[in-house]
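S.K.: I would like the atomic coordinates for the input below:
(one chain, ligands or ions: 2)
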Amino acid sequence: MKCERFLSVSILAVFLLMGFVYYTTVFIFIEDWVGLQSSAGSLNALIFTFLVSLCLFSFFVCVLTDPGPVPASYIPDVEESGVADEERRKNSIQSRHCDKCSTYKPPRAHHCRVCRRCVLRMDHHCIWINNCVGYRNYKAFFTLVLYATLGSIYSTVMIVTCALRKDWAFNETASLKIFFVTSAVMMAALSLTLGTLLGWHIYLIIHNMTTIEYYEGIRAAWLARKSGQSYWHPYNLGAYKNITSVLGPNILKWLCPTAMSHLKDGLIFPTRRENS
Ligand SMILES: [Zn+2]
Ligand SMILES: [Zn+2]
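M.R.: Ligands and ions are numbered 1, 2, ... in the order given. Okay, the predicted model is just below:
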């Protein structure tokens, strides 16, 4: 059952954090700043609620979507491997065999030790969604990070705005000051962490790379340099094509985590060589 994925300490921690940030931002900081009854207060509460809802929706899609199972019947295409020499062709196919699953791995698939199975276009295993990030839920993962970053920044701005407009000289206790400072520092740190993660995944999407491929690429580039050659990431088809292969061809649906009709079987990916 997919719902069993919710039975984890890290998922509970995410729910608690989201609930805490939502409650304090709306019912303490916005309320204290202008009051929820005012038009400015209700508008800010509405925008923040919308952001948190999108974040929660992406989170559910990430947890509940199967990241990409490898079909048991999958056999690598011998011709497609592009290796002419018989011995090297055998080795190339052998290297794509997963001994733990007893199946072949399609290009870009990897074995996840936590999930104990191979995952298509695997990016990494994420403990915060208690699931792998792979071919079918990568877009939802990206929108989750995006909405979580925007929500954190929004919350930080609300706390700082509220603190700046408060008359601190008048009747405010030391514990309230500590609460404001702690909240502001915590939310600024969260915004920075999520913002960095968002920047990293924007970089990966633009280059059509997974986190695993980025690290594999560093080694491949080093080996190529040693033999006087240059290394190119084979799936990099140019920024726009790379973005549409992950987020879809319709720009209006780029930020919708469930708009995944552009995804195919995840077994074949166009490469630079085929496109040139
Ligand atoms: Zn495997
Ligand atoms: Zn996994």
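
S.K.: give me every residue in this protein lying close to ligand 2.
M.R.: For the chain, the contact set with ligand 2 under C-beta under 5 Å from the ion comprises 112, 114, 115, 125, 132. The way it works is simple: take the backbone N, C-alpha and C, and place the C-beta from them, glycine included.

S.K.: so for the lengthiest helix in the chain, mean pLDDT?
M.R.: Scanning the chain for the helix with the most residues, using DSSP state H, yields helix 174-206. Averaged over helix 174-206, pLDDT sits at 96.

S.K.: neighbours of the residue nearest to residue 11 when sequence neighbours are not counted, just the number please.
M.R.: Nearest in space to residue 11, with sequence neighbours left out and distances taken as C-beta to C-beta, 6 or more residues apart in numbering, is residue 130 at 5.3 Å. Neighbour count of residue 130, defined by other C-beta atoms under 10 Å: 20.

S.K.: could you report the pLDDT at the residue of the stretch 151-276 of the chain found nearest ligand 1?
M.R.: Of all residues in the stretch 151-276 of the chain, residue 212 sits closest to ligand 1, with a separation of 13.6 Å (C-beta to the ion). Residue 212 is assigned a pLDDT of 96 by the prediction.

S.K.: now do the one 4 residues further on
M.R.: In the predicted model, residue 216 carries a pLDDT score of 93.

S.K.: any idea how far it lies from residue 209?
M.R.: 9 Å (C-beta to C-beta, to the nearest Å).

S.K.: can you check residue 120 too?
M.R.: On the measure of C-beta to C-beta, residue 120 and residue 209 end up 15 Å apart.

S.K.: who has more neighbours, these two?
M.R.: Counted by other C-beta under 10 Å, residue 120 and residue 209 do not tie: residue 120 has more neighbours, with 27 against 20.

S.K.: please name the residues that touch the nearest residue to the more buried one once chain neighbours are set aside.
M.R.: Excluding the flanking residues, the one nearest residue 120 by C-beta to C-beta, 6+ apart is residue 68, at 3.0 Å. By C-beta atoms under 8 Å, 6 or more residues apart in numbering, the contact list for residue 68 reads 109, 119, 120, 121, 122, 134, 135, 136, 266.

S.K.: report how many residues lie close to the residue of the stretch 151-276 of the chain at minimum distance from ligand 2.
M.R.: Closest residue of the stretch 151-276 of the chain to ligand 2, C-beta to the ion: residue 212 (11.7 Å). Using other C-beta under 10 Å, residue 212 is surrounded by 14 other residues.

S.K.: residue 14 now?
M.R.: Neighbour tally, residue 14, other C-beta under 10 Å: 20.

S.K.: hang on, it packs against residue 59?
M.R.: Yes. With contact defined as C-beta atoms under 8 Å, residue 14 counts as touching residue 59 (6.9 Å).

S.K.: is it true that residue 273 touches residue 235?
M.R.: No. Proximity of residue 273 to residue 235 does not meet the contact threshold set by C-beta under 8 Å, at 10.6 Å.

S.K.: what's the distance between the residue nearest to residue 258 when sequence neighbours are not counted and ligand 2?
M.R.: Using C-beta to C-beta, 6+ apart and skipping the chain neighbours, the partner closest in space to residue 258 is residue 61 (6.0 Å). Distance, residue 61 to ligand 2, by C-beta to the ion, to the nearest Å: 16 Å.

S.K.: residues in contact with residue 61?
M.R.: 137, 140, 144, 257, 258.

S.K.: I figured residue 31 hits residue 41, correct?
M.R.: Yes. At 7.1 Å, residue 31 and residue 41 qualify as touching, with contact defined as C-beta under 8 Å.

S.K.: residue 232: neighbour count?
M.R.: If we define neighbours as other C-beta under 10 Å, then residue 232 has 13 of them.

S.K.: picking that back up, what's the overlap in contacts for residue 14 and residue 59?
M.R.: With C-beta under 8 Å, 6+ apart, residue 14 and residue 59 have common neighbours residue 129.
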